[in-house]
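Visitor: Any chance you can model this:
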Amino acid sequence: MHAEQIDPERVSYVTAKRKDVLREQINGRTRILRGNYSGTVTYVNRDEIMDRLENGIIPILPPLGLDTESGLSLNIDGDRLAASVAGAINADILMILSNVPGLMRDIDDSDTLIRSNASAGSWEVLEHYAKGNMKRKLTACREALDSKVGHVYLADGRVSTPIENALGGNATCLTI
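Guide: Got it, this is the predicted structure:
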């Protein structure tokens, strides 16, 4: 959707397109869910976000997007929203915090953390190690990198200083 088609009075930050179906895995079986209120980001109102930032306000964005067809709020993935916003505002860094240290070769062993400078050129290798929710987080990382965000960190949000911890090398850092 192009910015010209968006009524700025109806959208403060994000619009989304409703997904026709959702797929979920339960006990090894795929289940199709219809009639949900989930969506995918289609537009980020960069000017509105930048206006807030320039006035010293940090916007808190819930994982919701306005469906311009129905006028309903749709649930969107928070990590993919963060990637879309980071790309829209030309961010240098995106940090995605989680309940694990980052992308690990063995999900049960934090010593196998894939740390720094894992570039998008080795994407197939990275995807091989992503399990469960980390797959969606890695998709968000890829979208941010594709939007020219220079560095994307997958980091542990459970530590007392997660940003310093990640910037100190205790996270997975993906670069363009």
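
Visitor: what's the following helix or strand after the lowest-mean-pLDDT helix or strand in the chain?
Guide: Ranking every helix and strand in the chain by mean pLDDT, DSSP states H and E puts strand 118-119 at the bottom, with a mean of 56. Using DSSP states H and E, the next helix or strand after strand 118-119 towards the C-terminus is helix 123-129.

Visitor: Could you list the buried residues of the helix or strand that comes right after that following helix?
Guide: Using DSSP H and E, the next helix or strand after helix 123-129 towards the C-terminus is helix 134-146. Buried positions in helix 134-146, judged by neighbour count with 16 or more other C-beta atoms under 10 Å: 134, 137-145. (C-beta placed from N, C-alpha, C; glycine too.)

Visitor: Same list, those, but as CSV with pLDDT and distance to residue 101 please.
Guide: Converted to CSV, these look like this (pLDDT from 0 to 100; distance: C-beta to C-beta, whole Å):
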residue, pLDDT, distance to residue 101
134, 94, 11
137, 96, 13
138, 94, 15
139, 94, 19
140, 97, 17
141, 95, 15
142, 94, 20
143, 96, 22
144, 97, 19
145, 95, 20
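
Visitor: need these in TSV with distance to residue 127, can you?
Guide: Formatted as TSV, those follow (distance: C-beta to C-beta, whole Å):
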residue	distance to residue 127
134	10
137	11
138	6
139	9
140	13
141	11
142	9
143	14
144	16
145	13
